[in-house]
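Sharing a model that was predicted from the sequence below.
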Amino acid sequence: MKPILDEQTLALRVAREFQDGMSINLGYGMPGLCANFISEGRTVYFHGENGVLGYGALGEDQEKDYELINASDQPVTRAPGMCFFDSAMSFDMIRGGHIDLVVLGAYQVSQSGDLANWGRPGRPATGMGGAMDLATGCKSLIVMMRHITKDGAPRIVKECSFPLTAKNCVDMIFTDIAVIAMTEKGLVLKEVAPGWTAEEVQDLTEAPLVVAEDLKEVEL
Amino acid sequence: MPTNKVYASPSHAVEDFFDGATIMIGGFGSYGGLPIDLILALAEQGAKNLTIIANQAGVGFELSKRIKPGGYHDIGALYAKEQVKKFIGSVPALGGMPPTSPLETLHKEGKVEIEIVPQGTLVERIRAGAGGLGGFYTPTGVGTPVEKGKEKRVIDGREYLLEMPLTADFALIKAHKADTLGNLVYRGTARSFNPVMAMAAKITIVEVDKLVQPGELDPEVVVTPHPFVNRIVEVNK
């Protein structure tokens, strides 16, 4: 198979979407890497659903404070302008549409923008944490994931077979081979990883893709 | 004379916990703001058939060593002696972790009932219970397995689900400082569910890093006012 974007490069590409002044929530796992790639000259405020906005970089070993964590349980550092609040206010922020951008991982995304990112067949005790509220309430939702599963099955599908997080909620999908936008025309393929063609991306995608007129290689 | 709320130790503070009680436990994630000393005291005290309301179910000391060197205690301490009959929360088990949590194992064996609630809905149900409300409508969960069996209503063209309030017999919470009246301040992200749960139980028990006298906390920064707090334990870390 052709080379795909590694996690760091994918995180760098996603972080290019972070505009100056945005309040952003990064979901569990891969999305957390995006915090390391804020474009120069931009300031963004990271929201943790556990009740923090505007935290700083990940804590180094000598300064780890377990009463200052992000929602992925990682100790972070204090930053100017940071504020704390309780979980109820945190979810008022989320559901009430006061968070500009959310980046979540996913098991599957459907052609109509449905998201499945919490439940897996055979694991009935796994919960969704804050994902349903985030997907339902945020102004804009980015999904960041591998394009296919470890077994080679497409993750961008016609209908999700995994339990849904929310319907019609995804705005953009960033994978290790493509950037895809949810539009009124359906899923529009806007960027491909270096060396990939639109046809090759479609072959690994169950849902039909509309190829953008200005399709280009992923720009970092 | 007001009642003395200060208890000598965590075990004194949970002495009267009874079988079948519903208990809220504050905090978020693996180690943020959990009332660990109170949880361990409850594990020691041994009340059974408990319903636990908490954001996450915990993994227990053995599995925790895989998450943090040296390990840590969490709500998992209550599963060793099978004290829990029902868990209500948003993260009963961690999806990515192959050695499943003790709760997930007990659930598979049919020994524990689990009610999975989206995190924002969970905290709002607690806030509704705390504030004497009969429930609320939320868009979260519409079109997902969460909507099963719930009243659906369209408000201004958008679909919402009716969610019901949660209350408890006891709440175990963690704060940074308390004065002897029970006014509380928190530290960092250890706040999370604690102030909301403090308001939703018949008896709220707080463990604090530091106990001070009335007048020593700036009233401008008190988060939980004292009528919500019934018992206070200072724990030395």
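Yep, that arrived. Numbering: from 1, shown residues only, chains lettered A, B, ... in the order given.

Neighbours of residue A:106, how many?
Residues near residue A:106, counting by other Cβ atoms under 10 Å in any protein chain shown, number 24. Yep, even glycine has a C-beta here, placed from its N, CA and C like the rest.

typo on my end, residue A:57
Residue A:57: 10 neighbours (other Cβ under 10 Å).

what separates the nearest residue to it once chain neighbours are set aside from chain B, distance-wise?
In this structure, residue A:57 finds its nearest non-sequential neighbour in residue A:77, 5.6 Å apart by Cβ to Cβ, 6 or more residues apart in numbering or on different chains. As judged by Cβ to the nearest Cβ, to the nearest Å, residue A:77 and chain B stand 11 Å apart.

Residue A:77 contacts residue A:70, correct?
No: Residue A:77 is not in contact with residue A:70 according to Cβ atoms under 8 Å; the separation is 10.5 Å.

More neighbours: which of the two?
Shown here are residue A:77 and residue A:70; by other Cβ under 10 Å, residue A:70 has more neighbours (24 against 15).

that older thread, need the contact list for the residue nearest to residue A:57.
Going by Cβ atoms under 8 Å, 6 or more residues apart in numbering or on different chains, residue A:77 touches A:55-59, A:63, A:68.

cool, and residue A:139?
By Cβ under 8 Å, 6+ apart, the contact set of residue A:139 is A:97, A:99-101.

And those, which is closest to chain B?
residue A:97 (10.5 Å; Cβ to the nearest Cβ).

how about that closest one, secondary structure?
Recorded secondary structure, residue A:97: coil (DSSP: H, G, I helix; E, B strand; the rest coil).

Dihedrals phi and psi, it?
Dihedral pair for residue A:97: phi 80, psi 30, per degrees, to the nearest 10.

now do residue A:172
Per degrees, to the nearest 10, the backbone of residue A:172 is at phi -140, psi 150.

Counting neighbours, what do you get for residue B:68?
13.

pretty sure it is touching residue B:31, no?
Yes: counting by Cβ under 8 Å, residue B:68 touches residue B:31, with 7.2 Å between them.

Skipping adjacent residues, who's closest to residue A:214 in space?
Nearest to residue A:214 is residue A:190, by Cβ to Cβ, 6+ apart, at 7.8 Å.

name the element the one you found belongs to?
According to DSSP states H and E, residue A:190 maps onto strand A:186-192.

neighbours of residue B:49, just the number please.
Residue B:49 is flanked by 13 other residues according to other Cβ under 10 Å.

Kindly apply the preceding question to residue A:41 instead.
6.

longest helix in chain B, by residue count?
helix B:119-130 (DSSP state H).

if we can go back for a sec, for the strand holding residue A:190, list every residue counted as buried.
Neighbour counts over strand A:186-192 (16 or more other Cβ atoms under 10 Å in any protein chain shown) mark A:187-192 as buried.

now, which of the residues you listed sits nearest chain B?
Nearest to chain B among the buried residues of strand A:186-192, with distances taken as Cβ to the nearest Cβ, is residue A:187, at 19.0 Å.

Could you give the bridge partners of that closest one?
Judged by DSSP bridges, the bridge partners of residue A:187 are residue A:182, residue A:209.

give the contact list for it.
Residue A:187 makes contact with A:111, A:156, A:173, A:180-181, A:207-210, according to Cβ under 8 Å, 6+ apart.

Just want the residue of chain B that's nearest chain A.
Chain A sits closest to residue B:120 of chain B, with a gap of 3.3 Å, by Cβ to the nearest Cβ.

That residue and residue A:95 touch, don't they?
Yes: using Cβ under 8 Å, residue B:120 makes contact with residue A:95 at a distance of 5.7 Å.
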